[in-house]
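>>> everything below, folded, please.
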Amino acid sequence: MASSGERSTGDGASETTDSALANYFGFADHDTDLRTEVVAGITTFLAMSYIVVVNPSILTGIPGENGKPGIMIEGYTAGEVQQMLAVTTIVSAVIAIVVMALYANRPFAQAPGLGLNAFMAFTVIGTLGIPWQTALAAVFTEGVLFIALTAIGARKYVIRLFPDPVKLSVGTGIGLFLGIIGLQEMGVVVDDPATLLTLGNVAADPAALLAVIGFFLTAALYARGVKGSIVVGILLTTAAGWLATTIGFVGPGVLFPESLPSAQYDITPLFGAFLEGFANVDALAFSLVVFTFFFVDFFDTAGTLVGVGQAGGFLDENNDLPDIDRPLMADAIGTTVGGIVGTSTVTTFVESATGVEEGGRTGMTALVVAALFLATLVVVPLAAVIPLYASHIALVIVALLLLRNVVAVEWDDITQAIPAGLTVLIMPLTYSIAYGIAAGIVSYPVIKAAVGESDEISAGQWLLAVAFVVYFGVRTSGVIEGMV
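Below you'll find the predicted structure:
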């Protein structure tokens with residue numbers, strides 16, 4: 001039994017540690033303490049931990065007639081690739097969050113973002129036919145560009161270049177894009193030769209029926225404010241599929257994998273693959289992909305930082321986040337690392353607001369999130385067990401939350417409504433975030449000029465519009481067959 005002196009020494013060591021953390025992160029300056037920061041970190045992690053399962057399921061390619069586009073590695077099964085991507089998801093998230101914690105001292109957390117991972121898998125790799133290695137090269141390039149612009153403080157100049165209606169509508173367009181992808185993988189929406197899309201045979205399809213039930217369960221948990229509701233919903237849906245398979249309600253492979261892959265932690269096939277992607281790159285197509293990654297990442301991150309910063313009372317009298325370049329740098333570093341290790345663009349998660357609402361005010365909150373993400377390495381094999389119909393429930397939930405961004409657009413102003421409307425419509429209908437952004441950028445100066453407001457259009461906005469017109473002309477005319 002320890003003596004009182006020994007207990008005192010232990011308490012002293014604990015107090016010393018607490019004091020060191022308090023001094024480093026400035027608990028007193030932010031009116032917080034270690035316990036509050038830890039609770040906030042746990043809350044944020046539970047809210048966004050679904051990405052460890054969902055990001056790999058989106059990025060992994062599945063061969064075959066009923067497969068899906070994405071990363072496929074010769075000699076490895078889809079389940080093994082999915083586990084590799086789970087590892088790279090965790091690694092990129094941890095590095096970005098640690099930079100956020102120790103450099104920016106903000107309670108924000110990052111991970112590969114929904115929307116850009118779908119863009120990479122379904123549009124860049126699927127529709128455009130760009131090799132996945134080149135897609136990773138584009139992610140790396142965007143990250144380096146982001147670092148450079150952040151380092152020289154050029155953020156405000158970049159922001160001024162893009163039309164406000166496009167910036168304000170991107171989130172809603174991405175929401176519709178994610179919604180269609182999620183509903184298709186759930187079996188709720190299917191292809192139709194007459195109408196392009198239609199309602200699937202939900203009642204006759206066990207996977208679709210279970211996905212719908214799982215969706216409403218997850219939505220109910222989210223509405224009730226249950227911490228980690230999306231993760232809980234995905235896991236419960238998967239467990240129901242396993243139970244239905246075990247008792248013989250459905251055959252193996254319908255609701256649950258026929259066999260479980262062995263654990264795969266070796267990410268060698270992904271690590272550094274971006275270097276191969278720079279070979280034989282089509283400059284025009286590559287530039288568009290880099291531009292899209294950069295645009296969405298830049299403004300999604302900036303918007304999230306300001307939004308979450310407002311919830312935490314971090315904004316100044318001009319509604320700006322002081323020293324925003326520091327958290328932007330954390331995102332940029334995370335994205336660059338993601339391209340190196342083999343995953344899509346890293347961005348700040350709006351779920352960080354849950355931790356802020358719990359009282360998180362410093363980088364200590366982020367440090368706790370990073371530690372918990374690191375701990376999820378032990379459950380990496382779980383990523384290959386979650387079926388697509390279950391994991392994509394998260395996409396539909398997030399899609400619905402993104403739709404609320406549309407209220408920020410001034411719809412009664414035609415010069416705002418047309419560019420915003422085209423941005424929102426074109427994304428899901430062409431299966432491309434890039435095309436939606438381009439449509440908005442092209443239409444903005446045209447409509448502004450039509451109503452006599454040419455003086456509000458910068459030379460850079462005209463140049464962007466002309467560049468996209470040229471791109472669409474080349475891309476859709478067949479002049480350069482197989483350019484991508």
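>>> what's the closest non-adjacent residue to L149?
Using CB to CB, 6 or more residues apart in numbering and skipping residues adjacent in sequence, the residue nearest L149 is V158, 6.1 Å away. C-beta: built from backbone N, CA, C; applies to glycine.
>>> what helix or strand is that neighbour on?
helix 155-161 (DSSP states H and E).
>>> CA atoms of that helix as CSV?
Taking C-alpha atoms only, helix 155-161 is exported to CSV below (Å, rounded to 0.1, in the frame of the first residue of the first chain):
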residue,chain,number,x,y,z
ARG,A,155,-5.9,34.3,-48.7
LYS,A,156,-7.8,37.5,-49.1
TYR,A,157,-6.8,38.0,-52.7
VAL,A,158,-7.8,34.4,-53.6
ILE,A,159,-11.2,34.9,-51.9
ARG,A,160,-11.9,38.1,-53.9
LEU,A,161,-11.4,36.2,-57.1
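>>> distance of V52 from S92?
In this view, V52 and S92 are 11 Å apart by CB to CB, to the nearest Å.
>>> out of these two, which sits in the busier spot?
Per other CB atoms under 10 Å, whichever of V52 and S92 has more neighbours is S92, with 30 against 25.
>>> element containing that one?
S92 belongs to helix 78-99 when assigned by DSSP H and E.
>>> got it, and E185?
Going by DSSP H and E, E185 is in helix 164-186.
>>> now that helix, how far from the centre of its chain.
Put simply, helix 164-186 sits 12 Å off its chain's centre (CA atoms, centre = their mean, to the nearest Å).
>>> what's the next secondary structure element after it?
Next element after helix 164-186 (DSSP H and E): strand 189-192.
>>> my read: S458 touches Y157, true?
No. Between S458 and Y157 there is no contact under CB atoms under 8 Å: 10.5 Å.
>>> quick one: contacts for the nearest residue to L395 once chain neighbours are set aside?
Spatial nearest neighbour of L395, chain neighbours left out: G182 (3.2 Å); criterion: CB to CB, 6+ apart. Listed by CB atoms under 8 Å, 6 or more residues apart in numbering, the contact set of G182 reads H392, I393, A394, L395, V396, A399.
>>> can you tell me how far I71 sits from F294?
In terms of CB to CB, I71 sits 21 Å off from F294.
>>> stretch 138-145 - what's its average pLDDT?
Stretch 138-145 shows a mean pLDDT of 96.
>>> my read: I433 touches F177, true?
Yes. Counting by CB under 8 Å, I433 touches F177, with 6.2 Å between them.
>>> any shared contact partners between those two?
Counting by CB under 8 Å, 6+ apart, the shared contacts of I433 and F177 are G115, F119, M427.
>>> okay, those residues in JSON lines with neighbour count, secondary structure and distance to V407 next?
Listed next are the shared contacts of I433 and F177 as JSON lines, based on neighbours: other CB atoms under 10 Å; DSSP: H, G, I helix; E, B strand; the rest coil; distance: CB to CB, whole Å:
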{"residue": "G115", "neighbour count": "28", "secondary structure": "coil", "distance to V407": "19"}
{"residue": "F119", "neighbour count": "30", "secondary structure": "helix", "distance to V407": "24"}
{"residue": "M427", "neighbour count": "30", "secondary structure": "helix", "distance to V407": "18"}
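>>> let me know the closest of those to L377.
Among these, G115 lies closest to L377 (CB to CB), at 25.0 Å.
>>> mind listing the helices for the stretch 251-400 of the chain?
274-277, 283-311, 325-341, 352-357, 363-375, 388-391, 393-402 (DSSP state H, counting those that start in this stretch).
>>> can you redo those helices as JSON lines with mean pLDDT and mean neighbour count?
Below are the helices of the stretch 251-400 of the chain laid out as JSON lines (pLDDT from 0 to 100; neighbours: other CB atoms under 10 Å):
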{"stretch": "helix 274-277", "mean pLDDT": "95", "mean neighbour count": "18"}
{"stretch": "helix 283-311", "mean pLDDT": "83", "mean neighbour count": "21"}
{"stretch": "helix 325-341", "mean pLDDT": "95", "mean neighbour count": "25"}
{"stretch": "helix 352-357", "mean pLDDT": "90", "mean neighbour count": "24"}
{"stretch": "helix 363-375", "mean pLDDT": "96", "mean neighbour count": "25"}
{"stretch": "helix 388-391", "mean pLDDT": "91", "mean neighbour count": "26"}
{"stretch": "helix 393-402", "mean pLDDT": "89", "mean neighbour count": "22"}
